[in-house]
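Trainee: Sequence plus the predicted model coming up.
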Amino acid sequence: MSIAPEEFRRQGARCAIWRDAPSWTGAKTAAIGRFVADHEEAGAALLDAVAAKLAGEGFEALIGPMDGDTWHSYRLIAESDGSPPFLMEPRSGPHDLRAFRAAGFAPIQRYVSARASVAAVLAAEPPALGEAFVVRPWDGTRAEELVLRLFDLSKAEFARAAFFKPITREAFLDLYRPLMAAVDPRLVLFAFDRRGEIAGFLFGFPDRLEGANPKTAVLKTYASAAHGAGRALANAFHRAIAELGYTQVIHALMHERNASLRRSGQYGATAFRRYALMGRKLA
């Protein structure tokens with residue numbers, strides 16, 4: 001059972017503390033999320049106070065910003081070209097990075113979002129490889145069933161990822177139900193192998209923050225259980241958004257050591273935002 005977070009405040013800053021966070025390098029770890037600071041000094045003072053409190057409770061490490069686990073909001077913006085945020089992108093305040101650094105935190109995981117024109121992506125599209133796959137979009141029906149299918153595939157694919165923490169099916173449904181109204185079924189894709197078994201999925205959506213008629217589509221997540229399925233899904237996604245009239249694509253929130261970042265470069269995408277999960281060991 002998840003432990004409810006504790007709200008923590010000091011003058012000019014506030015945060016929440018999760019005491020059941022995923023472990024960092026085997027240490028007893030707490031997560032700091034919902035972080036807001038009016039200025040660097042206030043944020044650093046808050047983080048130092050939290051560190052002292054949790055060290056006294058026997059905790060050995062802190063990570064953040066993270067709202068309890070990686071299923072929820074986490075990461076702060078470390079570098080940016082100043083372009084507007086996109087739908088489902090992590091947000092952070094102008095003082096967050098400096099406050100975390102001043103309090104002795106350093107990046108422990110790094111991520112990248114990259115952008116490209118759809119025309120350039122299609123021109124650079126790497127050829128399919130591996131066995132043949134059939135890629136089909138979601139038919140737009142039985143949304144709850146779709147979310148649970150994504151849950152099963154995500155759990156299997158990401159269980160080996162750093163800071164993975166199990167979540168219940170009901171909690172996953174609660175996360176994704178509010179998003180389904182913004183989803184275009186044509187941008188949620190499944191890859192099937194020759195036996196008709198699911199070999200991977202891709203979750204994309206229009207960037208609704210651009211307004212009623214967005215020109216950017218976001219490739220949020222894709223996962224594959226067979227060699228070549230990920231590339232087949234990405235190629236199909238790019239062709240689909242071209243046919244739908246999108247002119248820009250965002251490859252969102254890729255881990256710096258993930259194969260998806262290398263593939264994004266193959267498509268000619270360039271980084272426009274970098275993010276970090278920060279960590280601090282406690283004495």
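Mentor: Here it is on my side, so go on.

Trainee: going forward, measure contacts between C-alpha atoms and count neighbours the same way
Mentor: Will do.

Trainee: So what does the residue of the chain most remote from its centre have for phi and psi?
Mentor: Seen from the C-alpha centroid of the chain, the residue lying at the greatest distance (CA atoms, centre = their mean) is G56, 32.0 Å away. In terms of degrees, to the nearest 10, the main-chain angles of G56 are phi -70, psi -20.

Trainee: what do you get for Q266?
Mentor: With angles defined as degrees, to the nearest 10, Q266 shows backbone torsions of phi -60, psi -30.

Trainee: Nearest residue to the middle of the chain?
Mentor: Residue closest to the mean C-alpha point of the chain, counted by CA atoms, centre = their mean, is L253 at 5.1 Å.

Trainee: can I assume that one sits in a strand?
Mentor: Yes. The secondary structure assignment for L253 places it in a strand, going by DSSP: H, G, I helix; E, B strand; the rest coil.

Trainee: tell me the contacts of it?
Mentor: 89, 111-113, 220, 275 (CA atoms under 8 Å, 6 or more residues apart in numbering).

Trainee: Same question for D69.
Mentor: The contact partners of D69, taken as CA under 8 Å, 6+ apart, are 21-22, 31, 163-165.

Trainee: ok, back up a step: give the PyMOL command for selecting the buried subset of the contacts of L253.
Mentor: The following PyMOL command selects only the buried members of those, with burial defined by 16 or more other CA atoms under 10 Å:
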select buried, resi 111+112+113+220+275
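
Trainee: hmm, which two among the contacts of L253 are most spread apart?
Mentor: When the contacts of L253 are compared pair by pair using CA to CA, the two farthest from each other are K220 and Y275, 15.0 Å apart.

Trainee: ok so I108 is a helix residue?
Mentor: No. Following the definition three-state DSSP, I108 is strand and is not counted among the residues of a helix.

Trainee: give me the number of residues near it?
Mentor: 13 (other CA atoms under 10 Å).

Trainee: Might you report the residue contacts of it?
Mentor: The neighbours of I108, taking CA under 8 Å, 6+ apart as the test, are 276-279.

Trainee: do that again at 7 Å, thanks
Mentor: I108 makes contact with 277-279, according to CA atoms under 7 Å, 6 or more residues apart in numbering.

Trainee: Show the pLDDT at it.
Mentor: Model confidence at I108, given as pLDDT, is 98.

Trainee: Identify the residue spatially nearest to T216, adjacent ones excluded.
Mentor: Take T216 and drop its neighbours on the chain: the residue closest to it by CA to CA, 6 or more residues apart in numbering is Q248, 4.6 Å away.

Trainee: Okay, helices next: where are they in the chain?
Mentor: For the chain, applying DSSP state H gives helices covering 40-56, 96-102, 118-124, 143-158, 169-176, 229-243, 259-266.

Trainee: Out of the contacts of I108, the closest to F100 would be?
Mentor: Comparing those against F100 with CA to CA picks out M278 as the nearest, at 7.4 Å.

Trainee: Run through the bridge partners of the closest one.
Mentor: On DSSP bridges, the residues paired with M278 through beta bridges are G64, P107.

Trainee: Surely it touches A61?
Mentor: No. Proximity of M278 to A61 does not meet the contact threshold set by CA atoms under 7 Å, at 10.7 Å.

Trainee: So which of those two has more stuff around it?
Mentor: Per other CA under 10 Å, whichever of M278 and A61 has more neighbours is M278, with 25 against 22.

Trainee: so how far is F133 from the more buried one?
Mentor: Using CA to CA, to the nearest Å, M278 is found at 39 Å from F133.

Trainee: before we move on, the earlier item: please identify which of the helices of the chain is closest to W71.
Mentor: When those are ranked by distance to W71, counting by CA to CA, first place goes to helix 169-176 at 8.1 Å.

Trainee: how big is the angle separating that closest one from helix 143-158?
Mentor: 110 degrees (axes from the mean of the first three to the mean of the last three CA atoms, to 10 degrees).

Trainee: residues of helix 169-176 that come out buried?
Mentor: Judged by neighbour count (16+ other CA under 10 Å), helix 169-176 contains these buried residues: 172-173, 176.
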